[in-house]
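Trainee: only geometry, no sequence info:
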């Protein structure tokens, strides 16, 4: 009689509901082992829409549009390409800066959700700067493929949204939230909630990028007026309108709170 398979080699068991706890734990332990090996201990996270295109793609969509609907889609893509290109430029600037200020290991590594749109722009900017970047991808019903600019050894694929979001929050020292949809709102609000309730005890700087868009989507003043948030909660984030402005907010703050020198003095 042949020996039965060991439990940890039994794929039928590992993919069953009985092993869900093991799968969840794997999405913590396996990424941690790889991140430790690559010396990734803190990140600058970019959130934003997966639907934005780069400027060249948007221009091509407009140039080749033949129907009214195609022209409309091209115009939408052109408007959104501004945010793609600005995220790309900001990522480039931050990656170059991080390489210059890091005294040891990899510090302030650019991180995204690993897919297209703003995620791709963030990884692309770091790649163009010659620096590593992280991509925390996730399997979706409409498959989200990892973008080609993620550093190969830092490309991750998650099944569970909450484990993916844990890694965003666990490593982040700063977040930049570009215009986006439901997923971006979910990610931003989770970080703001964790910060507000002090479930995140470390200092995390959140920058909301593109106030014209976000003022249409979220009315924080109305929330203050109705007493659903405190006026002091407005201090949980800052606004930025250009890559240069975001850079000037981020870099002094990170050096103040998280440089090797500031750690030695604290």
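Mentor: Nice, thanks for sending it over. Predicted, not measured: the structure shown is a model, and the values here were computed from it.
Trainee: Verify the stated contact: residue 200 with residue 169.
Mentor: Yes: using C-beta atoms under 8 Å, residue 200 makes contact with residue 169 at a distance of 6.4 Å. C-beta here means a position set from N, CA and C on the backbone, and glycine is covered the same way.
Trainee: Now for the two: what residues contact both?
Mentor: Listed contacts common to residue 200 and residue 169 are 191, 194; contacts here mean C-beta atoms under 8 Å, 6 or more residues apart in numbering.
Trainee: Which secondary structure element is home to the nearest residue to residue 44 once chain neighbours are set aside?
Mentor: Leaving aside its sequence neighbours, residue 44 sits nearest to residue 174 (C-beta to C-beta, 6 or more residues apart in numbering; 4.9 Å). Using DSSP states H and E, residue 174 maps to strand 172-177.
Trainee: and the angle from whichever helix or strand comes after that strand to strand 172-177?
Mentor: Per DSSP H and E, the first helix or strand lying C-terminal to strand 172-177 is helix 182-196. Here the directions of helix 182-196 and strand 172-177 differ by 140 degrees (axes from the mean of the first three to the mean of the last three C-alpha atoms, to 10 degrees).
Trainee: How far away from the center of its chain is stretch 137-144?
Mentor: Distance, stretch centre to chain centre, for stretch 137-144: 16 Å (C-alpha atoms, centre = their mean, to the nearest Å).
Trainee: how near is residue 250 to residue 19?
Mentor: Relative to residue 19, residue 250 is positioned 41 Å away (C-beta to C-beta, to the nearest Å).
Trainee: So for these two, which sits in the more crowded spot?
Mentor: residue 250 (23 against 18; other C-beta atoms under 10 Å).
Trainee: Verify the contact between the more buried one and residue 205 for me.
Mentor: Yes: in this structure, residue 250 is within contact of residue 205 by C-beta under 8 Å, at 6.6 Å.
Trainee: so what sits against both of those two?
Mentor: Common neighbours of residue 250 and residue 205 (C-beta under 8 Å, 6+ apart) are residue 174.
Trainee: Packing partners of the host helix or strand of residue 224?
Mentor: For residue 224, the host element (DSSP H and E) is helix 220-225. Using 3 or more C-beta pairs under 8 Å, 6 or more residues apart in numbering; DSSP states H and E, no helix or strand is in contact with helix 220-225.
Trainee: Mind listing residues that contact that helix?
Mentor: Contacts for helix 220-225 (C-beta under 8 Å, 6+ apart): 229-231, 233-234.
Trainee: Now the buried members of these.
Mentor: residue 229 (16 or more other C-beta atoms under 10 Å).
Trainee: need the contacts of helix 220-225 in CSV with secondary structure, distance to residue 67 and pLDDT, can you?
Mentor: Below are these laid out as CSV (DSSP: H, G, I helix; E, B strand; the rest coil; distance: C-beta to C-beta, whole Å; pLDDT from 0 to 100):
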residue, secondary structure, distance to residue 67, pLDDT
229, coil, 45, 95
230, coil, 50, 95
231, helix, 49, 95
233, helix, 46, 95
234, helix, 45, 94
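Trainee: Could you export the contacts of helix 220-225 as TSV, including distance to residue 139?
Mentor: Formatted as TSV, these follow (distance: C-beta to C-beta, whole Å):
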residue	distance to residue 139
229	34
230	38
231	41
233	34
234	36
